[in-house]
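**Student:** Would you be able to build a 3D model of this:
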Amino acid sequence: MTERYIAALDQGTTSTRCIVYDHHGRLVSVAQREHRQYYPRPGWVEHDPTEIWEIVRRIIPQALADADVEPRQIMALGITNQRETTVVWDRHTGKPAHRAIVWQDNRTAGLLPAIAAELDDEILLARCGLPLATYFSGPKLRWLLDNDRDLRARAESGDLLFGTVDSWLLWNLTGGIDGGVHATDVTNASRTMLMNLETLDWDDELLAGMHVPRRMMPEIRPTNGPFPSTVDPIAGIPITAVIGDQQASLFGQTAFEAGEAKCTFGTGSFVLLNTGKDIVRSQRGLLTTVARKFDGEPAVYALEGSVAVAGALVAWSRDNLGLVKTPAEIETLARTVEDNGGCYIVPAFSGLYSPYWATEARGLVVGLTSYVTKGHIARAVLEATAWQIRDVIDAMKDDSDIAVRSLHVDGGMTADNLLMQLVADILDAPVVRPMMAETVALGAAYAAGLAAGYWPDRAVLRSNWRRAAEWRPSMDPTRRQRELDDWHRAVQLAISWGDGRRETV
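**Tutor:** Got it, this is the predicted structure:
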């Protein structure tokens, strides 16, 4: 009998991967390539959608070849992606109308007051569960249309299509200008500020408030479709799931039930708490999002805390400061000291996300003295991620009355053992890493495999989960509280610095 497999296409902020998995959820092969980051102005971040698509066209055949697998052996393909990144393209030529505006980009900060005049916070929270912020796709799309009359005219005439990266890839994979499907799933649609959480459809009042023509919007479908099979670069592979990257991670961690949580450590950090069928609207700066919606089942929701800069701070330390040559060296350097020496880094490169939503905040390094060394700065880099996660977990507890007794983690940064210990110390809770630390692609594979009948039920997926490592808190409570207070002082300085800058511009 011919062995069958599941493939996942994981399109992230810095790279794209195609991974082939077997029945046990084990990685058979992976093909991965990075794409270029564009920074045309301070706070602006862009990607080239054409470059990303060309990478996808190369890595899917490469992953199958490396696994020595024929296309007919791939039972299904799941797509997962960076979520709020905004792509607009011409339906007739297939060419992007502009570079993709990345989720980290904050160019829409000056536009938010105009949007707020038409859509107040209560309407937004009631309809889409999101605060008005630069993070989401809706303001990015309005910015594109407001800043180019030609684009708005083409959008209103029906010549332009909008989508998050999943829609762009799905359209190209299924034929592009020759019949490509223009669709998205509920998890990605819930990140646009344009979808109603209750109806799971585009909301006319939100579209009007963002000045977005409905005809350029993709069709919203369940996480498991239905979606057609691939046409390019390999024909005939069934696409059976599309799911945003952090929701995919929640699924890959097998956090299927209400009350289960996870944290992904990547370019940013993202904590998701499964709230089941309940739509919990946050009072503490968290996001209400759709965790998944399988055809024939009710939607499952989640509370999310989004941290914009985590692994990106390590990359900045390497690329901009030359502090280390590789990301792995940050742990070695940080271990040369016992503490941060009084130094704190607030990485508000694009403002601060959950729970502050301070768009104007700017990054700061505080507490510098002649005592501080490169080791202290390296430790402060790692601690910045841990403190931001602590702020999110505290807000989540206040919103849900659920205390996190342990935190399941995944993502590339979980290879940093010192960081994981710092997270455990700062949260005062155990941190647990599974054998498969890259659960974003795994979650997409699980969703696709369930839809295709490759796995019979979720119980089988739970049986695949294995603990790889655990870190337990060991920090003195008095020290933890003192350093938490210092961290909050640093955050307030970052916010006030941005506020002062805004007043003098």
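**Student:** host element of Q246?
**Tutor:** helix 245-252 (DSSP states H and E).
**Student:** Oops, could you answer that again for A235 instead?
**Tutor:** A235 belongs to no helix or strand, assigned by DSSP H and E.
**Student:** mind listing the strands in the stretch 101-250 of the chain by residue range?
**Tutor:** Remark: strands assigned in the stretch 101-250 of the chain by DSSP state E, counting those that start in this stretch are 160-164, 183-185, 195-196, 201-202, 219-221, 239-244.
**Student:** now those in TSV, with mean neighbour count and mean pLDDT?
**Tutor:** Backbone N, C-alpha and C define where each C-beta goes, glycine included. As requested, those are arranged in TSV below (neighbours: other CB atoms under 10 Å; pLDDT from 0 to 100):
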stretch	mean neighbour count	mean pLDDT
strand 160-164	26	98
strand 183-185	27	98
strand 195-196	23	98
strand 201-202	16	98
strand 219-221	18	98
strand 239-244	30	98
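**Student:** before we move on, the earlier item: and the helix holding Q246 with strand 239-244, angle?
**Tutor:** Here the directions of helix 245-252 and strand 239-244 differ by 120 degrees (axes from the mean of the first three to the mean of the last three CA atoms, to 10 degrees).
**Student:** Who does the helix or strand just after helix 245-252 pair with, and is each partner parallel or antiparallel?
**Tutor:** Using DSSP H and E, the helix or strand that follows helix 245-252 in sequence is strand 261-265. Sheet pairing of strand 261-265 (DSSP bridges) gives strand 269-276 (antiparallel), strand 407-410 (parallel).
**Student:** and strand 261-265, average pLDDT?
**Tutor:** Here strand 261-265 scores 90 as its mean pLDDT.
**Student:** Going by neighbour count, list what's buried in the helix holding Q246.
**Tutor:** For helix 245-252, burial by neighbour count (16 or more other CB atoms under 10 Å) applies to 245-252.
**Student:** hmm, who's touching that helix?
**Tutor:** For helix 245-252, the external contacting residues (CB atoms under 8 Å, 6 or more residues apart in numbering) are 10, 12, 78, 80-83, 187, 223, 243, 262, 264, 270, 272, 274, 289-292, 302, 304, 410-411, 436, 439-447.
**Student:** Take those residues and keep only those in helices.
**Tutor:** Among these, DSSP state H puts 187, 439-447 in helices.
**Student:** Buried ones from those, can you make that a PyMOL selection?
**Tutor:** Those of the ones in helices among the contacts of helix 245-252 that count as buried under 16+ other CB under 10 Å are selected in PyMOL with:
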select buried, resi 187+439+440+441+442+443+444+445+446+447
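**Student:** Low-confidence ranges, this structure, go.
**Tutor:** Low-confidence regions of the chain, defined by pLDDT under 70, span residues 1, 500-505.
**Student:** Show me how it divides into domains.
**Tutor:** As assigned by the TED database, the chain contains the domains 253-306+391-469, 325-389+473-498.
**Student:** Compare those and report which one is nearest to N106.
**Tutor:** Nearest of the domains of the chain to N106, taken as CB to CB: domain 325-389+473-498 at 4.5 Å.
**Student:** now the end-to-end length of the closest one.
**Tutor:** Length of domain 325-389+473-498, first residue to last, CA to CA, to the nearest Å: 31 Å.
**Student:** How far does that domain sit from its chain's centre?
**Tutor:** 22 Å (CA atoms, centre = their mean, to the nearest Å).
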